[in-house]
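Colleague: Fold the stuff below for me.
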Amino acid sequence: MTPVFSHGSLRLYLLSLLDESPRHGYELIQALTERFGGTYSPSAGTIYPRLAKLEEEGLVTKSADGRKTVYAITDTGRAELAARRPELDAIEDEVTDSVRRLADEVRAGVDDAMRTLRAELASAAREAKRNSSRVDPRQQARDAGRDARATANSAARDAEAVLNEFRQDLRTDLRQLAARGILSTDVVPLLRNELERVRRVIVEATARR
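Modeller: Numbers count the residues shown, from 1 in each chain. The predicted model follows:
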């Protein structure tokens, strides 16, 4: 995945988030995830070292809130933020561009997965055709009627199991996104279009066998 923040940009962006309100580390990770529409979520290993550096420079302070550590911007941090406001505006533009870029990468990943699926289905079809050519036609004719229905029923059961697993996983993902308030209504037509495309691929690839 391509870089999201240029060098030094995340540091300044964290200051801007803390200028909005004090936050603990996980809340900062959540805020960044929401700003990127779920396409980017920084790790704790990315956030906490930068917070420690900001604290060393006197730009933020930290305090204990129960079992959590809350970070807050200092007056020195606000002064730096004000002095670098043009840079922050440029970072906001970077964030917008990054969201678009990451969304394009997600779409490209889906397209690659679909191409791989089509290639695998075509390869399986060719292999099945080669195998069938090695069978005695008379024996193949005797076995075809008996085995075809059993094979089809088994494939249907396996496919239903895969679909049920996919539905459960996606339902969990959607509920988590909705709970975080970052689930857009755009997901419905996207989901419908992608499922329709998968259905066409499966049907067409099977029909060619």
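Colleague: residues in contact with residue 68?
Modeller: By C-beta atoms under 8 Å, 6 or more residues apart in numbering, the residues touching residue 68 are 24, 26. Heads up, the C-betas are built off the backbone N, CA and C, glycines and all.
Colleague: Quick check on it: phi, psi?
Modeller: Backbone dihedrals for residue 68, given as degrees, to the nearest 10, come out at phi -110, psi 150.
Colleague: So which residues of the protein form helices?
Modeller: In the chain, the helices defined using DSSP state H lie at 9-20, 25-35, 44-56, 75-83, 85-133, 137-179, 187-207.
Colleague: Do you know the pLDDT at residue 200?
Modeller: As predicted, residue 200 sits at a pLDDT of 81.
Colleague: my bad, should have said residue 137
Modeller: The model's pLDDT for residue 137 equals 65.
Colleague: what sits against residue 206?
Modeller: Counting by C-beta under 8 Å, 6+ apart, residue 206 touches residue 121.
Colleague: ugh, wrong one, I meant residue 118
Modeller: Residue 118 makes contacts with 201, 205, as judged by C-beta under 8 Å, 6+ apart.
Colleague: In this structure residue 18 contacts residue 78, no?
Modeller: No - Residue 18 lies out of contact with residue 78 (C-beta atoms under 8 Å); the separation is 9.5 Å.
Colleague: Of these two, which one has the most company?
Modeller: When residue 18 and residue 78 are compared for neighbours, residue 18 comes out ahead with 26 against 14, by other C-beta atoms under 10 Å.
Colleague: Out of the helices of the chain, flag the one nearest residue 63.
Modeller: Closest to residue 63 of the helices of the chain, according to C-beta to C-beta: helix 44-56, at 11.0 Å.
Colleague: and that closest one, what does it pack onto?
Modeller: Contact partners of helix 44-56 among helices and strands, from 3 or more C-beta pairs under 8 Å, 6 or more residues apart in numbering; DSSP states H and E: helix 9-20, helix 25-35, strand 60-65, strand 68-73.
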